[in-house]
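Chemist: Model the following, please.
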Amino acid sequence: MKNQLLLSLFSLSFIFSTYSQNWSEVGNGVNGDIYTSIEFNGNLIIGGDFSQVGGNLNVYNIASWNGSAWTNMGKGFDDDVKSLVIYNNELYAGGNFRRNGDNSTIFDGNIAKWNGSDWVTVQGIGWNSEYSNSPIKDMKVFDNKLYVIFNRYYTALSDSRSILSTFDGTNWVDLCDQNFLIQTTFGASMFKLGIFENELIIGGRFDGFISTNSSSIIKYNGTNFEAFVSPLIYGNTYSIVQVGNKLYLGGLFEYQASTETITPNLISFDGSNWTAHPFNINNAGEINDIITKNDSIFVLGRFDFYDPNNTSNTIARAALFDPNLSYPFKNLFFYNSSSSSSDAIYTSQVFQNKLIVGGKFDYSGSSSAENLAQLDPGNPNVNLTENDFTPTFVYPNPFTDYLIINSDKDLNQKYSIYNLQGEKLKEGSLNNNKIDTEEFCSGTYIIEIGEKNFIRVK
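Modeler: Numbering: from 1, shown residues only. Model prediction:
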């Protein structure tokens, strides 16, 4: 078992040595903060607070990227775009905006729909309605309806409240009544929506919600709101994702376990039990987004900590998470020594087989990148590196027609070779510690050695 674990770590080192070389700016960058992104009709759509993309194309807080060129999206908006969603095959945008970029159209409810050439108002919201100026924080499709978090001012309460509303394509319905508003007076706010086991998960701050101790997440089953009551989770939830049969929450939390209070940025729920996944230091920042690619889990945000296996290795803004490892966070080498402490990643998408991240930053890895960067797993040269903690060696490096596996341990076991998209290209048993590789083209490959269902290498 010990030998298999060492070999698993050795295999993982292949991945991260290649990632470190492949961050780059997307499309000559964006001149302001990016808060949201989505793929729509084969294009990457980004929204935020910016006025120019690509260095020379003027836009109004939203733009479209096809992988090689930027295009404007109609007249855009006069203020921030905070959320993008596809509902009934149509693209919706929500945020702080009230009008389009040239002030010729008013968008009541701070929401608009793309008609293929420009943005239009959404049915059911009128100028005199209570939705007329209610900035949107997030949107999610659930149970064939569009769910929207509005931030609305209530005169009777002399304060603003987050309101969850639904839209069925024709009508709007509020799900939060006056009792809900009163019960959530203390710091009440909704930030994020997600789905887990056919229920809508709502992340935010819900101090005193329904007389329970659920302060960071609640759930809605289509009829009723319910609370997650154990363990106590305090703080802000910024990302909600289901991976397999587990729910992952990213944000900035205090998690009250049975014997202690810890401050993780990532927690998971398997339907019965909660598990905290803390960084190796407290108060390291927050996780703003979680995304999966080929079963790999990427966490993005504004965090900064060191790898306990190598204290000179700074893990910042982007990491790969593997819950099966003794230390689950692996460096994606987004950190640059010139980066500002306020730099952050707010949104991510997998687009054209690349991880695209947007936010507020000037660097990605060793390259300059203005607020939009991509991680390309491809590499024109095979580049394997040995792990300092294992007596196993793979050579030659780069390889051509064969690979030699040399170790003072017993390697009489199976091997598998994958590309960086997770496709298995070859497998077999080690014979004389030699693997024939004549059939492989130039590229980067991952070698898994050991029991298949023990080692998880993507």
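Chemist: Can you check the pLDDT for residue 322?
Modeler: Note for residue 322: predicted pLDDT of 88.
Chemist: One more: the one 10 residues further on?
Modeler: Reading off the confidence values, residue 332 has pLDDT 89.
Chemist: That one reaches residue 364, doesn't it?
Modeler: No - using Cβ atoms under 8 Å, residue 332 is not in contact with residue 364, being 9.7 Å away. Where you see a C-beta, it was placed from the backbone N, CA and C, and this is true even at glycine.
Chemist: Which one's more surrounded, these two?
Modeler: Taking neighbours as other Cβ atoms under 10 Å, residue 332 and residue 364 compare with residue 364 leading, 30 against 26.
Chemist: ok, now how distant is the more buried one from residue 300?
Modeler: For residue 364, the distance to residue 300 equals 12 Å [Cβ to Cβ, to the nearest Å].
Chemist: ditto for residue 64
Modeler: The gap separating residue 64 from residue 300 is 22 Å, by Cβ to Cβ.
Chemist: now do residue 95
Modeler: Distance from residue 95 to residue 300, by Cβ to Cβ: 20 Å.
Chemist: just residue 233 next, same as before
Modeler: From residue 233 across to residue 300, the span is 21 Å (Cβ to Cβ).
Chemist: helix, strand or coil for residue 109?
Modeler: Following DSSP: H, G, I helix; E, B strand; the rest coil, residue 109 is assigned to helix.
Chemist: can you pull the pLDDT of it?
Modeler: Per-residue pLDDT puts residue 109 at 85.
Chemist: Next: residue 443.
Modeler: Looking at residue 443, its pLDDT reads 69.
Chemist: Same question for residue 344.
Modeler: pLDDT, residue 344: 97.
Chemist: Okay, it and residue 22: tell me how far apart.
Modeler: Counting by Cβ to Cβ, the gap from residue 344 to residue 22 is 21 Å.
Chemist: more crowded one of the two?
Modeler: Between residue 344 and residue 22, residue 22 has the larger neighbour count (other Cβ under 10 Å), namely 21 against 18.
Chemist: isn't that one right next to residue 367, touching?
Modeler: No - between residue 22 and residue 367 there is no contact under Cβ under 8 Å: 9.6 Å.
Chemist: ok, residue 192 to residue 218 distance?
Modeler: Noted for residue 192: a distance of 12 Å to residue 218, by Cβ to Cβ.
Chemist: shared neighbours of the two, which are they?
Modeler: Taking Cβ atoms under 8 Å, 6 or more residues apart in numbering as the contact rule, residue 192 and residue 218 both touch residue 202.
Chemist: circling back to that earlier point, joint contacts of residue 364 and residue 300?
Modeler: Common neighbours of residue 364 and residue 300, using Cβ under 8 Å, 6+ apart, are residue 357.
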